[in-house]
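Enquirer: Sharing a sequence plus its predicted fold:
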Amino acid sequence: MNSVVNPVQQVDQAFYYIMGISVILLIFITVTMIYFAIRYRRSRNPDPADIRGNWKLELVWTLIPTLIALSMFLVGWNAYSGLRSTPKNALEINVLAQQFSWIFIYPDDNETETENELVVPLNKPIKLVITSIDALHSFFLPAFRVKVDAVPEMETYAWFFADRIGEFDIQCTEYCGTGHADMNAKLRIVSEEEYRTWLESQE
Amino acid sequence: MEQTKSFFETPAPPNFKGVLSWLITTDHKRIGLLYLYTITFWFILAVLLGLLIRTELMFIGPTLVEADGYNALFTLHGVIMIFLFIIPAIPAIFGNFILPIQIGAKDVFFPRLNLLSWYLYIIGGIFALVSLFGDGLADTGWTFYVPFSVGTQTNVSYAATAAFILGFSSMLTAINFITTIHRLRTGNMKWLQIPLFTWSLYATGWVQLLATPIISITLVLVVLERVLQTGMFDPSKGGDPILYQHLFWMYSHPAVYIMILPGMGVISEIIPVFSKKSIFGYKAIVFSSLAIAVAGSLVWAHHMYTSGMSDTAVFVFSLLTFVVAIPSAVKVFSWVSTMYKGSIWLGPPLVYAMCFVYLFSVGGLTGLVLASAGTNIHVHDTYFVVAHFHYVMFGGTGFAFFAGLHYWWPKFFGRMYNMKSAYISAGMITGGFLFHFTPMFVLGMQGMPRRYYDYLPQFEQGNFLAGFGAYVMVAGILLMFYNLLRSLKKGEVATSDPWGGVTLEWSISSPPSLHNFETEPQPPEYPYDFARVIGRLRGK
């Protein structure tokens, strides 16, 4: 791969980091709770202790989660920064959202337009400049961890690195009315040559 | 004590009988029960709407309804669950009934205002019903996002009016509780002698009072936008749709703490009583409730990372959101530690409370995935979010509500329900819940958006499982209510203190008399001192 850092990996690492720690914490809490319920059941432990707190322990379990939370914040922020820093050489495509379809406008001389099909060349960073012509919509490309709202009279953006050939789902994730669930499109990543021939055939 | 008549036999104001003695009552216990009946009605209705949603989604393509019908279904399910069930449920039912007793008072500070709150709740509910008829069911989701909510032809104005009126009911109840806690505590009950359930309602009350006006104003602006085209949120007239989202979440995020804090209060009561051991870290729980109330009011825009707001805002709100996770973690650790070296009886309320701790922890920990900016982008507005908030709101508040029902039921009615049925229904609800909502985490990670009437083929298996779980869960809920209702006729007569509790409500008869206490009660030095109860147990 090129020198460009692929944000997909950073996002996935953030997922693994946060979810991994969460699963450990969850197992710890649950097992301890069930163990106590069995070990200290009334038939076995008729005489409860009178413990009302322990400030040292309470301090520890306030500070440690604070540190864990801050580390998660940083990992998450780092991944987010990757999603927001578009490389300079990105191919810019305009996206228009409307009830209930996606229009893609390419930067060639003919300003080629497609509906519900986005075709891009392999190994290129792609910048999408997004707006809406009616209600709010949201452009969601799960395979590349990309999502951004389409807002009328305002431009938002997202980018991804087209690092593999294939077809990927695009869905609308901001509720927009009757056809919201049908507002799907396909992303098609093709080789550089195929992209050129395709663009020319679109006249 | 057994000779005094219960509040069921002594209406307040006196001399009224039958239905009228309930409809004009100023007795906080009767008002609590009025809420119990009406809130349960809405809860069951919204549960059944939810079941229709899940049935529709079990199979790909249209199953029961068309797209518009589906959109109305999830809107109604959300509006009813949020505004007519989760927000009022614990404060209005248990708060009304138990809060004055826990602080040794005869009633709330403003009994008539209390009744007015119930009537506002009913009027709000009627508006929600009216919105079901006429030009079409509201179809905006409970979030009423502009510009869609301004343009759609459906009954959005009625639904918004309903939420507006319900907001007033909520605020008046909050004023009442805050004043009651300040002014009516018995004898010399100091602030750090107040039971934790009452503390949680105190923290909740301030959030309700300060945050609810924002949603009221916002809903008025939406209606003005619809009727007069004011353009506040319309970009073509210089307005800003993202402003609406800020205003909406400025209330609606604090509102999730309005929903969960009272639930945490219920759990903080039940775990010590069934462990026969003091709550671990009373002060830490009190201060974490207040910390959640304050910090929870400053994190609203974490619902908006993808909205197009600035990256600086994303940074700030993500950081603050992680901060608010900490007091919740402190509470969970305190609950689990309370059980350490206790003498634990797994009664139905504790079973629900332990399920609460597990489900709420899952909900809270998946909240970290959503708080983190980079991961949020992928799962925002997908089924991951749906699963997350059902774990917190249903697994959390809903289970706390069930726990509270089983805990205070004998105090309300003086009858004990069937234990075996209570365990079976708790098992069905929890098992069904896990099948119902766990697949949604996976669906969300795979990229299935929420509010989808239909979906891509790869999502069918998860949706089928979720639907299956939903049926088990709903059957459990119906069994639970049947078991509780049945106890009114067939249940054993409950003693004044069936669980061995130490807060003041367990020192008076079940059901309580009109003025709760025959003599001025003495609050215990420390609210969770079980020495006397343990002595009594040993005596047996």
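Expert: Now that the structure is in, tell me what you want to look at.

Enquirer: which secondary structure element contains B:A470?
Expert: Using DSSP states H and E, B:A470 maps to helix B:460-490.

Enquirer: and that helix, average pLDDT?
Expert: pLDDT averaged over helix B:460-490 equals 96, rounded to a whole number.

Enquirer: What's the first helix or strand after that helix?
Expert: Per DSSP H and E, the first helix or strand lying C-terminal to helix B:460-490 is strand B:492-493.

Enquirer: quick one: strands adjacent to that following strand?
Expert: Sheet pairing of strand B:492-493 (DSSP bridges) gives strand B:415-416 (antiparallel).

Enquirer: and the partner strand, how far out from the chain's middle?
Expert: When C-alpha coordinates are averaged (Cα atoms, centre = their mean, to the nearest Å), strand B:415-416 and its chain have centres 24 Å apart.

Enquirer: Can you tell me what sits against that strand?
Expert: Counting by Cβ atoms under 8 Å, 6 or more residues apart in numbering or on different chains, strand B:415-416 makes contact with B:409-410, B:487-488, B:491-494, B:498, all of which sit outside it. All C-beta spots, glycine's among them, are computed from the backbone N, C-alpha and C.

Enquirer: biggest separation within these, which pair?
Expert: Across the contacts of strand B:415-416, the two members that end up farthest from each other (Cβ to Cβ) are B:L488 and B:P498, 15.7 Å apart.

Enquirer: and these two? which has more neighbours close in?
Expert: B:P498 (16 against 13; other Cβ atoms under 10 Å in any protein chain shown).

Enquirer: Let's verify that one: helix, strand, or coil?
Expert: Assigned state for B:P498: coil (three-state reduction, DSSP: H, G, I helix; E, B strand; the rest coil).

Enquirer: who's in contact with it?
Expert: Contacts of B:P498 by Cβ under 8 Å, 6+ apart are B:410, B:416, B:510.

Enquirer: wait, which of the contacts of strand B:415-416 is closest to B:S21?
Expert: Nearest to B:S21 out of the contacts of strand B:415-416 is B:L488 (Cβ to Cβ; 18.1 Å).

Enquirer: domain parsing for chain A?
Expert: Taking automatic domain parsing as the criterion, chain A consists of the domains A:7-84, A:91-201.

Enquirer: so can I have a markdown table of those domains showing mean pLDDT and distance to chain B?
Expert: Formatted as a markdown table, the entries for those read as follows, by pLDDT from 0 to 100; distance: least, Cβ to the nearest Cβ, whole Å:
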| stretch | mean pLDDT | distance to chain B |
| --- | --- | --- |
| domain A:7-84 | 96 | 3 |
| domain A:91-201 | 95 | 3 |
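
Enquirer: hey, which of the ones you listed is tucked in deepest?
Expert: Sort the domains of chain A by mean neighbour count, taking mean count of other Cβ atoms under 10 Å in any protein chain shown, and domain A:91-201 sits at the top with a mean of 19.

Enquirer: For A:I29, list the residues it contacts.
Expert: B:332-333, B:336, B:357-358, B:361.

Enquirer: Tell me the one among the contacts of B:P498 nearest to B:F59.
Expert: B:M416 (43.0 Å).

Enquirer: Neighbours of B:E66, how many?
Expert: For B:E66, the count of nearby residues is 11 (other Cβ under 10 Å).

Enquirer: Kindly report the residues of the stretch 51-200 of chain B close to chain A.
Expert: By Cβ under 8 Å from any Cβ of the partner chain, the residues of the stretch 51-200 of chain B that approach chain A are B:67-68, B:71, B:139-141, B:145, B:147-148, B:151-152.

Enquirer: quick one: contacts for residue 139?
Expert: Because you didn't say which chain, this covers chain A. Contact analysis of A:F139 by Cβ under 8 Å, 6+ apart lists A:95, A:97, A:102, A:128, A:130, A:146-150, A:158, A:170, A:172-173.

Enquirer: The intended chain is chain B.
Expert: If you count contacts by Cβ under 8 Å, 6+ apart, B:D139 has them with A:177, B:68, B:71-72, B:75, B:152, B:154.

Enquirer: roughly how far apart are it and B:V65?
Expert: Taking Cβ to Cβ, to the nearest Å as the criterion, B:D139 is separated from B:V65 by 12 Å.

Enquirer: In contact with the closest residue to B:Y35 other than its chain neighbours, which residues?
Expert: The shortest distance from B:Y35 to any non-neighbouring residue, by Cβ to Cβ, 6 or more residues apart in numbering or on different chains, is to B:A92 (4.2 Å). Counting by Cβ under 8 Å, 6+ apart, B:A92 touches B:32, B:35, B:39, B:117-118, B:121, B:173.

Enquirer: Quick check: next helix or strand after the helix ranked longest in chain A?
Expert: In chain A, ranked by residue count with DSSP state H as the criterion, the top helix is helix A:7-39. Using DSSP H and E, the helix or strand that follows helix A:7-39 towards the C-terminus is helix A:55-84.

Enquirer: which other helices and strands contact that next one?
Expert: Of the remaining helices and strands, those touching helix A:55-84 by 3 or more Cβ pairs under 8 Å, 6 or more residues apart in numbering or on different chains; DSSP states H and E are helix A:7-39, helix B:311-338, helix B:348-371, helix B:373-379.

Enquirer: Just put these in CSV and tack on distance to B:P13.
Expert: Putting the helices and strands packed on helix A:55-84 into CSV (distance: least, Cβ to Cβ, whole Å) gives the following:
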stretch, distance to B:P13
helix A:7-39, 47
helix B:311-338, 41
helix B:348-371, 34
helix B:373-379, 54
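
Enquirer: Which stretch among the ones you listed approaches B:M473 most closely?
Expert: Going through these one by one, with Cβ to Cβ as the measure, helix B:348-371 comes closest at 12.0 Å.

Enquirer: That closest one and chain A, any residue contact?
Expert: Yes. Applying Cβ under 8 Å from any Cβ, one finds helix B:348-371 in contact with chain A at B:354, B:357-358, B:361-362, B:365-366, B:368-369, B:371.

Enquirer: so where's chain B shaky on pLDDT?
Expert: Under the criterion pLDDT under 70, the flagged ranges of chain B are B:1-3, B:134-135, B:540.

Enquirer: my guess is A:K124 contacts A:L91, does it?
Expert: Yes. Distance between A:K124 and A:L91: 5.2 Å, which falls inside the contact criterion (Cβ atoms under 8 Å).

Enquirer: ok and the residue in the stretch 51-200 of chain B nearest chain A?
Expert: Chain A sits closest to B:F148 of the stretch 51-200 of chain B, with a gap of 4.1 Å, by Cβ to the nearest Cβ.

Enquirer: you'd agree that residue is up against A:L136?
Expert: Yes. If you go by Cβ under 8 Å, B:F148 and A:L136 touch, sitting 6.6 Å apart.

Enquirer: Give me the common contacts of these two.
Expert: Residues within reach of B:F148 and of A:L136 at once, by Cβ under 8 Å, 6+ apart, are A:C176.

Enquirer: in the stretch 201-350 of chain B, what residue is nearest chain A?
Expert: The minimum distance from the stretch 201-350 of chain B to chain A, using Cβ to the nearest Cβ, falls at B:P235 (3.5 Å).

Enquirer: Look up how far B:H380 lies from B:F41.
Expert: Distance from B:F41 to B:H380, by Cβ to Cβ: 34 Å.

Enquirer: Neighbour count: the two, which is higher?
Expert: The residue with the greater number of neighbours, taking B:F41 and B:H380 and applying other Cβ under 10 Å, is B:H380; the counts read 26 against 13.

Enquirer: Grab the nearest non-local neighbour of that one.
Expert: Distance criterion Cβ to Cβ, 6+ apart; nearest residue to B:H380, sequence neighbours excluded, is B:T306 at 5.3 Å.

Enquirer: A:F73 too?
Expert: B:F322 (4.6 Å).

Enquirer: Next, the contact list for the one you found, please.
Expert: Residues in contact with B:F322, defined by Cβ under 8 Å, 6+ apart, are A:69-70, A:72-73, B:368, B:371-372.
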